[in-house]
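Peer 1: sequence below, structure please.
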Amino acid sequence: MKKVKKQNTNDRVFMVCVYIFVIICTFAALYPMVYTVSMSISGPEHVAVNDIFFLPKGFSTQAYKLVFEDKEIWGAYGNTLWYTVVGTISSVILTMISAYPLSRRRFFLRKKLMLFVMFTLYFSGGMIPMFLLINKIGLYNTRWACIFPYLISAWNLIVCKSFLESIPETLEEAASIDGASPYRVFAQIFIPLSKPIIAVMTLFYAVGQWNAYFAAMMYLPDAKLHPIQMYLRKILILSNTQSSMGGSSMGGFERSLATQQLKYAVIIVTILPILAVYPFVQKYFVKGVMIGSIKE
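Peer 2: Have a look, this model is predicted:
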């Protein structure tokens, strides 16, 4: 009896420690977001003296007014939507088409091509050769410079291949006996059965394209082609807030106070679409991590 009570006490102590640890981790994860939101909507006078720790003090939307009055951010948003939609659709299609033959055991180049794919995970050509290649083939300072070099991720290709391997080859054989061509088998059998992995790949590629900025920084000198992340980089790193927001109708003193919290407002505006979508699709991230980890 004493042993059972001791075990119950140990279990309770353990669960209390677990709850405390989870609360600490949750606070550590939420604090940067809450702090950023608080800084963006607090009164400019509080932001100026930096006396905000967690919750907002006062209330002001001047920083957001400055952001939305700037035409450059709308152009950057449009560019990011174009890169995300076109890049995601192209990447998902090519990844599925590439993963399908690699998942079939009878494909004679299967092992050699997989070695080539695995090689790219550990070694790359480098930044300078890639820049020279982009310039040589005429993609420099075009939208496609942010799409073509990143069409297929080796890691996503391996994950997609692992999922397709779980589809029985007997389905393909039965369809072939009935006279279906390999293209019809892929389109009418594998694609409908691959909706979960297509959702995962769409999510992975879309988030990657939305957050991408390095390709634009390297290959797009024209600011009219820059995505929203480059706009955010200009605000945060290059400190061009005064010059980029100079067209506001606010007075000089109000604008001077608001621009101090402008970077926080830009961060919220930049991540808001992904932040709004992620709670509804986060289960696909978990599924993407688990795909291929368990063999039946």
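
Peer 1: how is this protein carved up into domains?
Peer 2: For the chain, automatic domain parsing gives the domain ranges 1-60, 62-296.

Peer 1: turn the ones you listed into TSV, columns for mean neighbour count and mean pLDDT.
Peer 2: All C-beta spots, glycine's among them, are computed from the backbone N, C-alpha and C. Rendered in TSV, the data for the domains of the chain read as follows (neighbours: other C-beta atoms under 10 Å; pLDDT from 0 to 100):
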stretch	mean neighbour count	mean pLDDT
domain 1-60	12	80
domain 62-296	16	80
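
Peer 1: distance check, residue 189 against residue 130.
Peer 2: Going from residue 189 to residue 130 by C-beta to C-beta, to the nearest Å gives 37 Å.

Peer 1: that should have said residue 144, apologies.
Peer 2: Noted for residue 144: a distance of 14 Å to residue 130, by C-beta to C-beta.

Peer 1: before we move on, what about residue 263?
Peer 2: Taking C-beta to C-beta as the measure, residue 263 falls 31 Å from residue 130.

Peer 1: kindly report the same for residue 261.
Peer 2: With C-beta to C-beta as the criterion, residue 261 and residue 130 are 38 Å apart.

Peer 1: dihedrals phi and psi, residue 179?
Peer 2: Residue 179 adopts backbone torsions of phi 100, psi 10, taken as degrees, to the nearest 10.

Peer 1: now do the SS call for the residue nearest to residue 38 when sequence neighbours are not counted.
Peer 2: Leaving out its chain neighbours, the residue that sits closest to residue 38 by C-beta to C-beta, 6 or more residues apart in numbering is residue 56, at 4.0 Å. Put simply, residue 56 is coil when judged by DSSP: H, G, I helix; E, B strand; the rest coil.

Peer 1: shouldn't residue 56 be in contact with residue 37?
Peer 2: Yes: because the distance of 7.5 Å satisfies C-beta atoms under 8 Å, residue 56 is recorded as touching residue 37.

Peer 1: grab the most central residue of this protein for me.
Peer 2: Nearest to the geometric centre of the chain sits residue 207, at 2.2 Å (C-alpha atoms, centre = their mean).

Peer 1: the helix or strand containing it packs against which elements?
Peer 2: Taking DSSP states H and E as the criterion, residue 207 maps to helix 195-211. Applying 3 or more C-beta pairs under 8 Å, 6 or more residues apart in numbering; DSSP states H and E, we find helix 195-211 packed against helix 71-102, helix 154-165, helix 228-236, helix 262-290.

Peer 1: with respect to residue 18, which of those helices lies nearest?
Peer 2: Residue 18 lies closest, by C-beta to C-beta, to one member of the helices and strands packed on helix 195-211: helix 262-290, at 20.1 Å.

Peer 1: good, wrapping up.
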